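> Any chance you can model this:
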Amino acid sequence: MNLRFSPVTFFTCCIMGIMITGCRPAVTPSGEETPVRLRVTILSEQPVHEPVRASGTLVSRHEVKLSFKTGGIISSISVEEGDQVRKGEQLASLDLSEIEAEVRKARAALDKAWRDYTRAGNLYRDTVATLEQFQNARTALDVARSNHDIAEFNLEHSVIRAPADGKVLKKLTEPGEIVAPGMPVFVFASTESEWVVRAAVADRDIVRLEAGDSARLHFDAFPGEGFAGWVVEKGTAADPYTGTYEVEIGMQRPPQNLVSGLVARAEIYPGEPENRIIIPESALTEGDGMEGMVAVIRNGRPVKCRIVLESITDQGLVVKEGLQPGDTLVSEGAGFLLPGSRFEMEFDRE
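Purely as a prediction, here's the structure:
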C-alpha cells in the first residue's frame with residue numbers, strides 16, 4: 001500500500017517537529033544541558049516619591065452664596081448666570097415697601113424718645129421729675145436708637161451687591177418669588193482670589209501630605225497639558241458621608257479661560273520620600289492585578305515567591321508584601337527555569 005501525504009499534512013508535521021524540538025532543554029555539543037543564565041540582585045529599600053492621586057473640581061477659593069438679610073418679595077434681579085460683575089454692583093433687590101415702612105416707624109419712635117428724654121432732663125434739673133423718671137427716659141432713647149439702627153441695617157441688606165470683582169455662577173431665584181431670610185439667591189465666585197482644585201483623598205494619604213507639597217494638575221478641558229500647583233490647605237476632619245479628607249490645591253500659572261466646575265486629576269507629591277522595595281518588571285513570572293509571582297534564591301536554589309504590589313512607577317514595581325531587604329531576587333531569566341534545570345547566577349546591583 002502506498003501512503004500519500006497532502007501538503008497540509010506535511011506542513012503540520014514539520015511545525016510539530018519544530019515545536020517539540022524547541023521545548024527540549026538546550027544541549028551542548030557534548031550532550032549536556034545548557035544552564036539557564038539568571039541575573040540576580042540583592043534587594044534594598046529605596047526612597048520613593050510616590051504621588052497621591054486624586055480627582056476634584058476647580059473652584060474659586062472664595063466662592064460664596066449671596067442672600068438677603070431679611071425675607072420678602074424679590075423686586076428685581078439685574079444679572080444672569082455667567083455675568084462678570086464689579087465690586088459693589090447691585091445684583092438684586094427686594095420690594096422695599098414693608099422694609100422702608102419699618103425704617104420710618106423706627107425713625108419716628110427715635111424722635112419721640114429723644115423728645116421725651118429732653119423733657120425729662122429739663123424736669124429733673126428743675127426737681128420736678130425724679131431721677132428714676134430721667135433714667136427711664138434715657139433707657140427708652142437707647143432702645144429706640146437701637147431699633148432704628150436695626151431697621152436701617154435691614155434696609156441696607158435688602159439689596160444684594162457684589163462683595164468683590166467676580167462672576168455669578170448660579171442664579172437660584174427669579175423676580176416675584178418670596179424668599180426667607182438667608183435663603184441663597186446667587187452662587188458667587190470672586191476673581192480677585194486664586195483658583196483652587198478641591199480634591200478628596202483617603203485617610204492613608206492625608207497623613208502624608210503637608211501644606212506646600214508640590215502637585216501636578218490635568219484637566220479634560222485642556223488635553224495634553226499639565227499645570228504646576230501646590231497644596232494650599234488640607235482638611236483636618238473627614239467628610240461624614242464619604243470618610244475622605246478635602247485638600248485644596250492652588251495653581252501657579254492658571255490659563256485665562258478657566259471656569260468653575262472643571263474636573264481635574266491631581267498628582268500630589270509628599271515632601272518626604274518613603275522607603276520601599278522596588279523591583280523591575282522583568283522579575284515577574286506571573287501576574288494577576290496587583291499580585292504576582294517572582295523567584296528568589298533560597299538555600300542556593302530559585303524558589304517561587306508570591307508578592308503584592310503597592311503601585312507601578314517609572315522606577316519599577318513598588319512591593320507592598322512578600323519581599324524583604326536582603327532577599328536575593330531573580331531579576332531576569334526566571335521564566336526559562338524548568339524543574340531540575342541547571343542555572344548560572346550573575347549578580348547585579350539594584
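> and Ile150, helix, strand or coil?
At Ile150, secondary structure determined by DSSP: H, G, I helix; E, B strand; the rest coil is helix.
> Would you agree it is in contact with Ala106?
Yes: under the criterion of Cβ atoms under 8 Å, Ile150 makes contact with Ala106 at 7.3 Å. (C-beta placed from N, C-alpha, C; glycine too.)
> These two: which is more packed in?
Counted by other Cβ atoms under 10 Å, Ile150 and Ala106 do not tie: Ala106 has more neighbours, with 21 against 13.
> If you count residues, where's the longest helix of this structure?
The longest helix of the chain (DSSP state H) is helix 97-125.
> Quick check: buried residues in that one?
In terms of neighbour count (16 or more other Cβ atoms under 10 Å), helix 97-125 has its buried residues at Ile99, Glu102, Val103, Ala106, Ala109, Leu110, Ala113, Asp116, Tyr117, Ala120, Tyr124.
> and what of stretch 216-229?
Here stretch 216-229 shows Leu217, His218, Phe219, Phe227, Gly229 as buried, counting by 16+ other Cβ under 10 Å.
> got a list of what the second one touches?
Going back to what we said before, that points to His218. Glu225, Gly226, Phe227, Ala264, Arg265, Ala266 (Cβ atoms under 8 Å, 6 or more residues apart in numbering).
> Kindly report the same for the first one.
Under the criterion of Cβ under 8 Å, 6+ apart, the contact partners of Leu217 comprise Val197, Gly226, Phe227, Ala228, Gly229, Ile249, Met251, Ala264, Arg265, Ala266.
> mind checking pLDDT for the second one?
By that I understand Gly226. On the pLDDT scale, Gly226 is placed at 88.
> What of Glu272?
On the pLDDT scale, Glu272 gets 71.
> what about it, which SS state?
From three-state DSSP, the assignment for Glu272 is coil.
> before we move on, what about the one 10 residues further on?
For Ser282, the assignment made with three-state DSSP gives helix.
> With adjacent residues omitted, what lies nearest to it?
Glu332 (5.0 Å; Cβ to Cβ, 6 or more residues apart in numbering).
> I figured that neighbour hits Leu284, correct?
No: proximity of Glu332 to Leu284 does not meet the contact threshold set by Cβ under 8 Å, at 10.9 Å.
> Surely Thr285 is in contact with Phe336?
No: using Cβ under 8 Å as the test, Thr285 is too far from Phe336 to be in contact (9.9 Å).
> domain parsing for the protein?
Residue ranges for the domains of the chain, per automatic domain parsing: 36-48+274-348, 52-62+189-269, 97-151.
> would you turn these into JSON lines with distance to Val179?
Listed next are the domains of the chain as JSON lines, based on distance: least, Cβ to Cβ, whole Å:
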{"stretch": "domain 36-48+274-348", "distance to Val179": "51"}
{"stretch": "domain 52-62+189-269", "distance to Val179": "21"}
{"stretch": "domain 97-151", "distance to Val179": "13"}
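> Tell me which of those domains lies nearest to Leu91.
domain 52-62+189-269 (13.2 Å; Cβ to Cβ).
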